[in-house]
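**Student:** the sequence and its predicted three-dimensional model are supplied below.
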Amino acid sequence: MNVIELREYRIKPGKTRQWLTWMEQEILPYQQSKGVELVNSYTYSDDKGDEWFVWLRKFKDEQSRQAVYSLLYDQWWIDNVRPKVFELIDESSVKVRLLQPAFGDES
């Protein structure tokens, strides 16, 4: 069964355009090249005026998800990408949830 991952990040004030441009031009192509399937991505503003980025990623199963994680989050990512990520989003806001189908079997 497919694994759907919902990821949510609060974007730092004034960084929304920079975050979205970087995601579209660099992060998403890189992740897709490693096997991540993007379902969709969204932004919203909460009642405090904070901007949020939400995206859904799809994996064949949990084993595939873990295999992709090992390809994505290597030392290069930790040294080169991760620091820039947290210049643009609030690290303490990161939420990752695995979604379960509400009805029937999602394949």
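**Tutor:** Sure, I can see it. Residues are numbered from 1 along each chain as shown.

**Student:** so how far is stretch 62-74 off the chain centroid?
**Tutor:** 13 Å (Cα atoms, centre = their mean, to the nearest Å).

**Student:** what comes up buried for that stretch?
**Tutor:** Arg65, Val68, Leu72 (16 or more other Cβ atoms under 10 Å). Where C-beta positions appear, they are placed from N, C-alpha and C, glycine not excepted.

**Student:** low-confidence ranges in the chain?
**Tutor:** Low-confidence segments of the chain (pLDDT under 70): 105-107.

**Student:** break down it into its helices, ranges please.
**Tutor:** Counting by DSSP state H, one finds helices in the chain at the ranges 16-22, 28-33, 62-72, 75-76, 82-88.

**Student:** next up, the contacts around the closest residue to Trp22 other than its chain neighbours.
**Tutor:** Spatial nearest neighbour of Trp22, excluding adjacent residues (Cβ to Cβ, 6 or more residues apart in numbering): Leu88 at 7.0 Å. Counting by Cβ atoms under 8 Å, 6 or more residues apart in numbering, Leu88 makes contact with Ile11, Lys12, Lys15, Gln18, Trp19, Trp22.

**Student:** how about a markdown table for the residues you listed, with neighbour count and distance to Lys34 added?
**Tutor:** Formatted as a markdown table, these follow (neighbours: other Cβ atoms under 10 Å; distance: Cβ to Cβ, whole Å):
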| residue | neighbour count | distance to Lys34 |
| --- | --- | --- |
| Ile11 | 21 | 23 |
| Lys12 | 17 | 26 |
| Lys15 | 15 | 25 |
| Gln18 | 14 | 23 |
| Trp19 | 20 | 20 |
| Trp22 | 17 | 17 |
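
**Student:** now the residues you listed as TSV including distance to Gly49?
**Tutor:** TSV is the format used below for the contacts of Leu88 (distance: Cβ to Cβ, whole Å):
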residue	distance to Gly49
Ile11	12
Lys12	13
Lys15	14
Gln18	18
Trp19	16
Trp22	22
